[in-house]
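Trainee: Show me how the following folds:
(2 chains)
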Amino acid sequence: MTERVYMKGNEALAYGALKAKLNAYFAYPITPSTEIPETLAKEFGNEQYPDFKVFLQAASELEAVNMVLGAAAGGVRAMTATSSPGFSLKQEALSYAAGMELPLLVVNINRGGPGLGNIAPEQGDYFQMTKGGGHGSYRLIVLAPNSVQEMASFPKIAFDLAFKYRNPVCIAGDAFTGQLKEDIMFPRIEATEYDVSSWAATGAKGRERHVINSMNLDPEVHEKHVTHLDEKYRAIQRDEVRYELYLTDDAEIVVAAFGITSRICKSVVNSLRREGWKIGLFRPITLWPFPYDEVRKLTERAKRFLVVELNTGQMVEDVRLGVEGRATVSFYGKVGGLIPTEREIEEKLPSPVKEVSA
Amino acid sequence: MSAQEPSLQQYRKKLGKLEALTDKPTHYCQGCEHGELTRLIANAIENLGIREKTVMIDSVGCSVLAFDYLNIDHIQSPHGRAPAIATGLKRIRPDLVVYTVQGDGDTLAIGLLEVMYAAIRGEPISVFLVNNAIYGMTGGQMAPTTLQGQVTTTTPYGRDVEFTGTPVDASKLLSTIDGSAYVKRVSLAVSEVETARGRSYSIKNILEAKQAVENAFKVQMMGGFSFVECLSSCWVNWKLPIMEAKRFVNERLIKQYPLGTYRDKFGIEKK
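Mentor: Below is the predicted model of the structure:
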């Protein structure tokens, strides 16, 4: 399916996962992510996707994600998708998956919060996705697509990272990237084969038994396990940082945004460039590992950063950590499903509404 | 004790060293039936020749360390979620035999949805419930199966069903679900018997449990959901001497939770 298609982000993500040889999907409906299980339910049994062996609707978000855990422990590509209130319910299993070193994919189509919030786009789950969410010292690899094209191509990247590091991965969409319909060339996706023979729980036939576990009652053994995880996270931080830089080479002002917000900010950069501004866009693609080094490099020229998010200020804290006081960082956010217009963002530049001492 | 019935020592000796067991001594308290169940499961796995295709889902509670004892693949589960994990694995690998061992709190409080839905869908997995009417691992709090009036650390004046609701009859509950293929309640506690030579112990209950455990695996392999509730003691948290605790199982628990076959869709017990 490398043809031109016109589809929603959620549909593209479902097909992208199928092209990446998704084996098992466990569903629980929640707006605005439901087109993902709906699309997969429709394609379940389609001979075009012979690897897609299991589609099952669970009785709760908890049940769904724990089914993903069980399937992942069997060494297959398993995933589920949800939206903010549901993502809160996934945290327990994500902590277990990290502790048990299980590769799996959870998609979070971020909606309004806290609480029931609403079903409109927000990016308020940034902290929950990047700073833990569940208990214990673990990290979730978080990829933030900003287009239908990337919704299609990211599941393969997510599975590759999940299996390479045996760690859960989250695709952080929002109600825009999920619901947005775009005319795209569906990317060519070559699925990777993963070797799971050293750890998967598939029956101890002709080998030593495999114990997939996150518990070590002996403090020293547990410290060793958590240290091992931490070393893995350091390797991910070193090797897997992804970002997009747009016209930043000579930029004195940098607008930083992820996901759908980065699209609006790119338009801002384009129009201000036409007016002669030295302005660029910095867009983290991996929200964790966050591209701190890139932010630091940008401060060699840029002395003013504006972070735009669909929340009340979350990624801005990571930008500040990267800036380390070398530039002024300000923030502009909208919530509740409202989105900043280009004009509004332009008005925040170069003297932003909220001056933040870095 | 009848003349044909072997003594506990003879019975254990007869079972011998099983490949499905590791050499590690269990951490279970002396007299705890968790060890008995571990042995029965190992025995069934061996008898059915399924060691190389069996995966245990280790739940939270006193069975959490079972990965140290059963020489098979294991997957750990968050508290209450073991049947969901088992479902995920079994759905992608229908050729495997997948089972859980769960306590009464794990199965019937925090994990009631998971076990009910596994039964509703008729997942071909086996769930072994250890019902000792108390939270053992956390030190003796009220469980869904705690009896009326029973003293626990969270019902220090005895369980008052006016406030807490009545004890949960798991086998009865699960037997009402169409998807359940085999629901059986057994006791793992030896019972005292008077013989001509004085007081002795009968392992009749355990032999019945042994058959039930095997049946549970067989039913799973026939494509059905199987559930075996094992009445057990917890003398440490009940604060009773070991043998008095076993007597409590066979006199008090059995009255609240009668032993028997609650559902046998495939007629496995007649085969």
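Trainee: tell me which element B:Leu89 falls in.
Mentor: Assigned by DSSP states H and E, B:Leu89 falls within helix B:82-92.
Trainee: how close does A:Ser267 sit to chain B?
Mentor: 43 Å (C-beta to the nearest C-beta, to the nearest Å). From N, CA and C alone the C-beta is placed, and that goes for glycine too.
Trainee: now swap in A:Ala64 and tell me
Mentor: For A:Ala64, the distance to chain B - C-beta to the nearest C-beta - is 8 Å.
Trainee: looking at this, that residue is in a helix?
Mentor: Yes - assigned with DSSP: H, G, I helix; E, B strand; the rest coil, A:Ala64 falls within a helix.
Trainee: Name all residues that make contact with the residue lying closest to A:Ala27 once chain neighbours are set aside.
Mentor: Nearest residue to A:Ala27 in three dimensions, chain neighbours excluded: A:Pro37, at 3.7 Å (C-beta to C-beta, 6 or more residues apart in numbering or on different chains). Going by C-beta atoms under 8 Å, 6 or more residues apart in numbering or on different chains, A:Pro37 touches A:14, A:25, A:27-29, A:55, A:57, A:81.
Trainee: returning to what we had before: following the helix holding B:Leu89, which helix or strand comes up?
Mentor: Toward the C-terminus, helix B:82-92 is succeeded by strand B:97-103 as the next helix or strand (DSSP H and E).
Trainee: who does that following strand touch, helix- and strand-wise?
Mentor: If contacts are counted by 3 or more C-beta pairs under 8 Å, 6 or more residues apart in numbering or on different chains; DSSP states H and E, strand B:97-103 sits against helix B:33-48, strand B:54-58, helix B:82-92, strand B:126-131, helix B:204-221.
Trainee: From the chain's centroid, how far away is the last one?
Mentor: Translated: helix B:204-221. 11 Å (C-alpha atoms, centre = their mean, to the nearest Å).
Trainee: Give me the contact status of the next helix or strand after that helix with chain A.
Mentor: Sequence order places strand B:225-231 as the next helix or strand after helix B:204-221, per DSSP H and E. No - using C-beta under 8 Å from any C-beta of the partner chain, strand B:225-231 stays clear of chain A, with a minimum separation of 14.6 Å.
Trainee: tell me what the helix holding B:Leu89 is packed against?
Mentor: Short answer (3+ C-beta pairs under 8 Å, 6+ apart): helix B:82-92 packs on strand A:24-27, strand A:54-57, helix A:61-73, strand B:54-58, strand B:97-103, helix B:112-120, strand B:126-131.
Trainee: what's the closest of those to A:Pro187?
Mentor: Relative to A:Pro187, the nearest member of the helices and strands packed on helix B:82-92 by C-beta to C-beta is strand A:24-27, separated by 20.0 Å.
Trainee: residues near the residue in the stretch 51-200 of chain A positioned nearest to chain B, how many?
Mentor: Residue nearest to chain B within the stretch 51-200 of chain A (C-beta to the nearest C-beta): A:Gly70, separated by 2.6 Å. If you count neighbours by other C-beta atoms under 10 Å in any protein chain shown, A:Gly70 ends up with 33.
Trainee: what about the closest residue to A:Val308 other than its chain neighbours, neighbour count?
Mentor: Leaving aside its sequence neighbours, A:Val308 sits nearest to A:Ala257 (C-beta to C-beta, 6+ apart; 4.6 Å). If you count neighbours by other C-beta under 10 Å, A:Ala257 ends up with 28.
Trainee: Repeat that for the one 10 residues further on.
Mentor: Taking other C-beta under 10 Å as the criterion, the count of residues near A:Ser267 is 14.
Trainee: got the contact list for it?
Mentor: Applying C-beta under 8 Å, 6+ apart to A:Ser267 gives the contacts A:Glu342.
Trainee: Equivalent analysis for A:Ser83, please.
Mentor: Taking C-beta under 8 Å, 6+ apart, we find A:Ser83 in contact with A:30-33, A:108-111, A:119, A:175.
Trainee: Find the residue ranges of chain B scoring beneath the pLDDT cut-off.
Mentor: Residue ranges of chain B with pLDDT under 70: B:1-9, B:11-16.
Trainee: again with the stretch 251-358 of chain A
Mentor: A:351-358.
Trainee: OK, now which residue of it is nearest to chain B?
Mentor: For the stretch 251-358 of chain A, C-beta to the nearest C-beta, closest residue to chain B: A:Trp288, 22.3 Å.
Trainee: count of residues packed around that residue?
Mentor: 24.
Trainee: Leaving out the residues flanking it, which one is nearest to the residue lying farthest from the centre of chain A?
Mentor: Distance to the chain centre peaks in chain A at A:Gly206, reaching 38.3 Å (criterion: C-alpha atoms, centre = their mean). Once flanking residues are discounted, A:Gly206 sits nearest to B:Glu52: 7.4 Å by C-beta to C-beta, 6+ apart.
Trainee: Now do the one you found against B:Val249, distance only.
Mentor: Distance, B:Glu52 to B:Val249, using C-beta to C-beta, to the nearest Å: 34 Å.
Trainee: higher neighbour count, the two?
Mentor: The residue with more neighbours, out of B:Glu52 and B:Val249, is B:Val249; 26 against 19, by other C-beta under 10 Å.
Trainee: residues in contact with that one?
Mentor: Contacts of B:Val249 by C-beta under 8 Å, 6+ apart are B:187-189, B:231-233.
Trainee: which non-adjacent residue is nearest it?
Mentor: B:Ala189 (3.9 Å).
Trainee: for B:Leu240, same thing?
Mentor: B:Phe248 (6.4 Å).
Trainee: For the helix or strand hosting the one you found, buried residues please.
Mentor: Using DSSP H and E, B:Phe248 sits in helix B:242-248. Using 16 or more other C-beta atoms under 10 Å in any protein chain shown as the test for burial, helix B:242-248 gives B:243, B:245-248.
Trainee: quick one: which of those is nearest to chain A?
Mentor: Nearest to chain A among the buried residues of helix B:242-248, counting by C-beta to the nearest C-beta, is B:Ala245 at 25.4 Å.
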